[in-house]
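S.K.: Provided below for reference: sequence and predicted model.
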Amino acid sequence: MKLYSTNKQVPEVGLKEALFRGLPADNGLYMPTEIPSLPSSFFENIENLSFKEIAFEVAKTLLQNDIAEDKLKTIIDDAVNFDAPVVKVKDNKHVLELFHGPTLAFKDFGGRFMGRIMQHYLEEGERVHILVATSGDTGSAVAQGFLGMDGIDVTILYPKGKVSFIQEQQLTTNGQNIKALEIDGTFDDCQRMVKEAFLDKELNAHLHLTSANSINICRLIPQSFYYFYAYAQTKALGKPVVFCTPSGNFGNLCGGLIAERMGLPIHQFIASTNANDIVPTYLKTKEFTPRPSVKTLSNAMDVGNPSNFPRLMALHEDSYEKVSSRIKGYAYNDEQTLEKMKEVYQESAYVMCPHTAVGYYGLEDYLKETKEDVTGIVLGTAHPVKFKDIVEDNLSKEIEMPQRLKELIEREKQAISMGTEFSELKEYLLEMAMSQK
Ligand SMILES: *Cc1c(COP(=O)(O)O)cnc(C)c1O
């Protein structure tokens, strides 16, 4: 596949270059120059295919001949190794549960796929060093996605005391090729240190540094797979499908838009956000006004300047009319989020995380407004147990921990404490580079 930059100031690149660069030099975002359609026979038979089989067909079509089929099959089988069931909540409302992977959130799909594609492209004896700053979720999905990969080292910087206990366990107990640095500062300090590292000449002479940023094209691609799989699971209902995606940076929604460009019949997209309602406001008023994010209960969507917005526009020929008719936007505050979570639990005995509740609210309002007879599917982005305190307080109910989380909680934390000076990070990384020579 070939990829262009949404800013169109740099030449097209191949998948390998887009993967290792992450961002094009003109600060745009990489997008496929061509999004090929799947044949109609694929959709006629899709309900008979497994999730892995669907993901393989989609990846093969999108990547064209970049990776040999048998190799791609191995990558997919290994990356898509947990289920994403569609669960009926009430009437025509469903949740596509994307949280059955190692870190209990949909970001596992991106992390696992990217890790395996990167390993595929590493030459014999080549090493890369992934440096990530995280406020919680991204770091753990990346750590899990790259765990045990030969030739890839991962260093994660996270702000001390500012991630949840479960998140910290996910970041610091991996071992093997994953190292966690506990920075005595804020997330912004972590990000600044990582940025300085990418610019430091001496460091870059010794290490092949790369990022695993959420805008990487290899994290986006697998986020299209489960839209097809949700369609396959609900096809027998015989109704048009509406997807509602709880959104922050809008990468998850872009996965759905790519699926549609490949031929998946989707009646309508809905984007639901928390109080950080930059995109819903844009869809209603044509005014795009990024602003500092505000803190909410659905904190993985606390984004004031959604990084995938250029992709959202590129997928609609940069036309406001097109984007605003294909995507309906809704936004809800914390109080509404808690109310909806409670109502759904009381009426249907279904427990959802705050992000999924924001999505469910959006789907309900859309269905009320349009009175359409459709199959509604909300993307369930995280397991409710990831937000245990919020959910348990709100529902006055204890939620059961999955076994893999119980095991995680008992593991020993291994983190290196560090201040906020870049020189400290640099020294640490140089030492590591020397010890590997
Ligand atoms: C990252 C995340 C989101 C937001 O996804 P985007 O692709 O940034 O829109 C929503 N819910 C959860 C649980 C997340 O981790």
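M.R.: Received the coordinates, thanks. Numbers count the residues shown, from 1 in each chain.

S.K.: how about the residues of the stretch 51-200 of the chain by the ligand?
M.R.: 105, 107, 137 (C-beta under 6 Å from any ligand atom). Using the backbone N, CA and C atoms, a C-beta is placed for each residue, glycine as well.

S.K.: which residues of the stretch 251-400 of the chain lie near the ligand?
M.R.: 251-252, 300-301, 355, 381-382.

S.K.: in strands, which of the residues of the stretch 51-200 of the chain next to the ligand appear?
M.R.: Under the assignment DSSP state E, those contribute nothing to strands.

S.K.: how about those residues in CSV, adding distance to residue 73?
M.R.: Formatted as CSV, these follow (distance: C-beta to C-beta, whole Å):
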residue, distance to residue 73
105, 26
107, 23
137, 29
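
S.K.: which of those has the largest number of neighbours?
M.R.: residue 107 (28 neighbours; other C-beta atoms under 10 Å).

S.K.: contact partners for the residue nearest to it when sequence neighbours are not counted?
M.R.: Leaving aside its sequence neighbours, residue 107 sits nearest to residue 141 (C-beta to C-beta, 6 or more residues apart in numbering; 3.7 Å). Contact partners of residue 141, counting by C-beta atoms under 8 Å, 6 or more residues apart in numbering, are 103, 105, 107-108, 110-111.

S.K.: and the two most separated of the residues you listed?
M.R.: Greatest spatial distance in the contacts of residue 141: 103 and 110, 11.0 Å, computed using C-beta to C-beta.

S.K.: neighbour-wise, which of these two wins?
M.R.: residue 103 (30 against 26).

S.K.: quick one: mean pLDDT for the top helix by length along the chain?
M.R.: Counting residues, the longest helix in the chain under DSSP state H turns out to be helix 354-370. On average, the pLDDT along helix 354-370 is 98.

S.K.: cool, and stretch 37-57?
M.R.: Averaging pLDDT along stretch 37-57 gives 98.

S.K.: tell me where the stretch 251-400 of the chain has helices.
M.R.: Remark: helices assigned in the stretch 251-400 of the chain by DSSP state H, counting those that start in this stretch are 251-261, 278-285, 309-314, 320-326, 334-348, 354-370, 388-395.

S.K.: export those helices as a markdown table, with columns for mean neighbour count and distance to residue 169.
M.R.: A markdown table is the format used below for the helices of the stretch 251-400 of the chain (neighbours: other C-beta atoms under 10 Å; distance: least, C-beta to C-beta, whole Å):
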| stretch | mean neighbour count | distance to residue 169 |
| --- | --- | --- |
| helix 251-261 | 24 | 24 |
| helix 278-285 | 19 | 32 |
| helix 309-314 | 21 | 33 |
| helix 320-326 | 15 | 40 |
| helix 334-348 | 17 | 24 |
| helix 354-370 | 24 | 20 |
| helix 388-395 | 17 | 13 |
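
S.K.: export those to CSV and append columns for distance to residue 233.
M.R.: What follows is those, written out as CSV (distance: least, C-beta to C-beta, whole Å):
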stretch, distance to residue 233
helix 251-261, 14
helix 278-285, 28
helix 309-314, 26
helix 320-326, 23
helix 334-348, 18
helix 354-370, 17
helix 388-395, 25
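
S.K.: residue 33: what's it in contact with?
M.R.: 1-4, 12.

S.K.: circling back: helices - which of the contacts of residue 141 land there?
M.R.: 107-108, 110-111.

S.K.: now, which of the residues you listed sits nearest the ligand?
M.R.: residue 107 (5.4 Å; C-beta to the nearest ligand atom).

S.K.: and the closest one, what does it touch?
M.R.: Contacts of residue 107 by C-beta under 8 Å, 6+ apart are 137-138, 141, 214, 219.

S.K.: pull the CA atoms of stretch 172-180 into PDB?
M.R.: What follows is stretch 172-180, C-alpha atoms only, in PDB (Å, rounded to 0.1, in the frame of the first residue of the first chain):
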ATOM      1  CA  THR A 172       5.300  -2.000  35.500                       C
ATOM      2  CA  THR A 173       4.900  -5.800  35.800                       C
ATOM      3  CA  ASN A 174       5.600  -6.900  32.200                       C
ATOM      4  CA  GLY A 175       9.400  -7.600  32.500                       C
ATOM      5  CA  GLN A 176      11.200  -9.000  29.400                       C
ATOM      6  CA  ASN A 177      11.700  -6.200  26.800                       C
ATOM      7  CA  ILE A 178       9.500  -3.700  28.600                       C
ATOM      8  CA  LYS A 179      10.800  -1.100  31.000                       C
ATOM      9  CA  ALA A 180       8.800   1.400  33.000                       C
END
